[in-house]
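Engineer: Below is the sequence, then the predicted model.
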Amino acid sequence: MKPRILIVDDEARMQRLFEINLSPKFEVATAGDGQTALEVIKSGDVNLLVTDLKMPGMNGMALLHEVRRIYPDLPVIIMTAYGTVEGAVQAMKEGAVDYILKPVKMEEMELLIEKTLSIQRLQEENRSLRQELQTVYGPTNIVGNHPAMKKVLQLISQVAGTKATVLVQGESGTGKEIVARAIHYQSDRASKPFVVINCAAIPANLLESELFGHEKGAFTGAIKTKKGRLELADQGTLFLDEIGEMPKELQVKILRVLEEQKFQRVGGTEDVEVDNRIIAATNKDLKQAVEAGAFRDDLFYRLNVITISIPPLRERIEDIPLLVDHFLDKHRKVFKSRASGVSDEAMKILMDYAWPGNVRELENTLVRAMILCGSEMIRPGDLPEELWRKEEGRVLKLPADREELKQMKKAAQQKAKGEIEKRFIIEALRQGGGNVMRSAEMVGMDRRQFQNLLRKYGISRKDFLKDLK
């Protein structure tokens, strides 16, 4: 389908000339004045407007103002005689994309139209890509009704429009990078780069070069100057994942970036200035690391402007059904799976499991089940054996290494604590007949503490009102 071009000129001869010369490549519509041009634009799709500057009635400048007000994305080219170039320059300041001098050479006009339409297509593709990225990485992709997750979403919304440094805390697999991306794609930097560097995945001797870049000849193998992640993230966001693993000698350099927005490349002597936002993430307790001397206290306080804490999945078990539905919808088409739901038995297994790998482990488990499932319903047999294999009445999953052993022990402690708290609060509420104040007093708690536990475990007092006498 040909692009539709609207030519506005008060001379009928010029209108006809444009139609004859441009119609092989474009669908050409014409108008003799600004008011008629507006009616043409309103009546159908116009991809580009080309208007003379001087016309009786509504002139080209007035038409430009009106089009900018109603159709801000429609590109406008101004035609003008040599003696009124100043007017064309003013029109470009007012929003015209270009101008061309009269008498018009048709070859030049054709090239200018093609260039303008090409730029417009790229801008539309960029807008579409940004919208897609906002859909993929926006807050709607963060699933959960647990109060802690609602707090996460609230904080994302509050900090996205600022330049404040954000520290995202949470165990591995909880979705720290998703939160960082959600902040970026809700901010005014959404069209700029989002650059990720995992401080734990890159050897310490290479991390400095990856972050700051290096000059040619800075070390053996540095055959040319290379930009680091900080420069690549200029005008955008740099996500420092697992910043707790960053060597102390680099921490002081990152601190300077945060305070002055400048640094030097490895082997360089001149400052490089950048404008980027830094979001850091860690699965460590940085406060403990500071006390142990493994992390700089000044960097910790500089990072800890806004902290977003993501709870582990075992502390928000009630979100698992929502996450299951989300991941089934997300991956069904990609893996061409028939699976559209999970049986009650399989869901119970998913709800009972401790999930040391958190949301990432749940997603990978469901992807595996979708691939292996031969029906529309995922059943226990489609899940990994370690999820449903029992030993002495407990789910058995052997840790693969020391770090996983540590995580699993912590998960088991948290789960046991959670189960005790939940049963305790349910029994208190049952004995109190659904009355929060009475139940709290019976167990020696104040009303606020009791209500916090009710919210934490998603328990409703209404379920116990029937016990009132």
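Structural biologist: Yep, that arrived.
Engineer: which stretches of the stretch 101-250 of the chain form strands?
Structural biologist: Using DSSP state E, counting those that start in this stretch, the strands of the stretch 101-250 of the chain run over 166-169, 194-198, 237-241.
Engineer: Which one, of those, ends up nearest to Met347?
Structural biologist: strand 166-169 (29.2 Å; CB to CB). Using the backbone N, CA and C atoms, a C-beta is placed for each residue, glycine as well.
Engineer: Can you tell me what sits against the closest one?
Structural biologist: 159, 176, 179-180, 183, 279-283, 286, 303-310 (CB atoms under 8 Å, 6 or more residues apart in numbering).
Engineer: coming back round to it: so which of the strands of the stretch 101-250 of the chain is nearest Leu258?
Structural biologist: Comparison of these against Leu258 by CB to CB identifies strand 237-241 as nearest, at 10.4 Å.
Engineer: Look at Asn358 and report its pLDDT.
Structural biologist: Listed pLDDT for Asn358 reads 94.
Engineer: before we move on, what about Gly138?
Structural biologist: 58.
Engineer: How about the backbone phi and psi for the nearest residue to Ile223 once chain neighbours are set aside?
Structural biologist: Spatially, and ignoring its direct neighbours in sequence, Ile223 is nearest to Lys216 (6.8 Å; CB to CB, 6 or more residues apart in numbering). Backbone torsions for Lys216, taken as degrees, to the nearest 10, come to phi -60, psi 130.
Engineer: hang on, the earlier thing: now list the buried members of the contacts of strand 166-169.
Structural biologist: 159, 176, 179-180, 183, 279-283, 286, 303, 306, 308, 310 (16 or more other CB atoms under 10 Å).
Engineer: Let me have the strands of the stretch 101-250 of the chain in CSV, extended by distance to Ala88.
Structural biologist: Below are the strands of the stretch 101-250 of the chain laid out as CSV (distance: least, CB to CB, whole Å):
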stretch, distance to Ala88
strand 166-169, 46
strand 194-198, 39
strand 237-241, 39
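Engineer: May I see the ones you listed organised as CSV, with mean pLDDT and mean neighbour count added?
Structural biologist: Output for those, formatted as CSV (pLDDT from 0 to 100; neighbours: other CB atoms under 10 Å):
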stretch, mean pLDDT, mean neighbour count
strand 166-169, 96, 24
strand 194-198, 94, 19
strand 237-241, 96, 24
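Engineer: quick one: which of those strands is nearest Phe335?
Structural biologist: The closest of the strands of the stretch 101-250 of the chain to Phe335 is strand 194-198. By CB to CB, the value is 25.1 Å.
Engineer: Below-threshold pLDDT in this protein: ranges please.
Structural biologist: Along the chain, segments meeting pLDDT under 70 span 82-84, 126, 128-140, 388-401, 404, 462-469.
Engineer: try 80 this time
Structural biologist: Within the chain, the ranges that satisfy pLDDT under 80 run 44, 81-89, 123, 125-141, 374, 385-386, 388-419, 423, 430, 457-469.
Engineer: okay, now the domains of it?
Structural biologist: Domains of the chain are assigned by automatic domain parsing as 4-131, 143-217+226-309, 315-395, 402-467.
Engineer: how far does stretch 288-297 sit from the chain's center?
Structural biologist: The chain centroid and the centroid of stretch 288-297 are separated by 30 Å, computed with CA atoms, centre = their mean, to the nearest Å.
Engineer: ok, and what's touching it?
Structural biologist: Contacts for stretch 288-297 (CB under 8 Å, 6+ apart): 244, 248, 251-252, 255, 286, 300.
Engineer: Apply 10 Å and report the result again.
Structural biologist: 243-248, 251-252, 254-255, 282, 284-287, 298-303 (CB atoms under 10 Å, 6 or more residues apart in numbering).
Engineer: Narrow the residues you listed to those in helices?
Structural biologist: The helices, defined by DSSP state H, take in 248, 251-252, 254-255, 286-287, 298-303 from the contacts of stretch 288-297.
Engineer: now, which of those residues sits nearest Glu427?
Structural biologist: So of these, ranked by how close each gets to Glu427 (CB to CB), first place is Lys287, at 35.3 Å.
Engineer: Can you point out the buried residues in stretch 186-203?
Structural biologist: 186-187, 189-190, 192, 194-199, 202.
Engineer: Between its first and last residues, how far does it reach?
Structural biologist: Stretch 186-203 stretches 32 Å from its first residue to its last (CA to CA, to the nearest Å).
Engineer: Which two of the ones in helices among the contacts of stretch 288-297 have the greatest separation?
Structural biologist: Longest span within these, CB to CB: Val252 and Lys287, 18.9 Å.
Engineer: How about the contacts made by Ile41?
Structural biologist: 6, 8, 29, 31, 49, 63, 66-67, 70-71, 74.
Engineer: try it again with 8 Å
Structural biologist: With CB under 8 Å, 6+ apart, Ile41 has these contacts: 6, 49, 67, 70-71, 74.
Engineer: rewinding a little: what is the burial count for the residue nearest to Ile223?
Structural biologist: Lys216 is flanked by 12 other residues according to other CB atoms under 10 Å.
Engineer: Does it touch Thr225 like I think?
Structural biologist: Yes - using CB atoms under 8 Å, Lys216 is in contact with Thr225, at 4.9 Å.
Engineer: Spit out the contact partners of the residue nearest to Glu318 when sequence neighbours are not counted.
Structural biologist: Among residues not flanking Glu318 along the chain, Gly458 sits closest, at 4.7 Å (CB to CB, 6+ apart). Neighbouring residues of Gly458 by CB under 8 Å, 6+ apart: 145-146, 318.
Engineer: residues in contact with stretch 199-218?
Structural biologist: For stretch 199-218, contacts defined as CB under 8 Å, 6+ apart pick out 197, 219, 222-231, 240-247, 250, 253-254, 263-268, 272.
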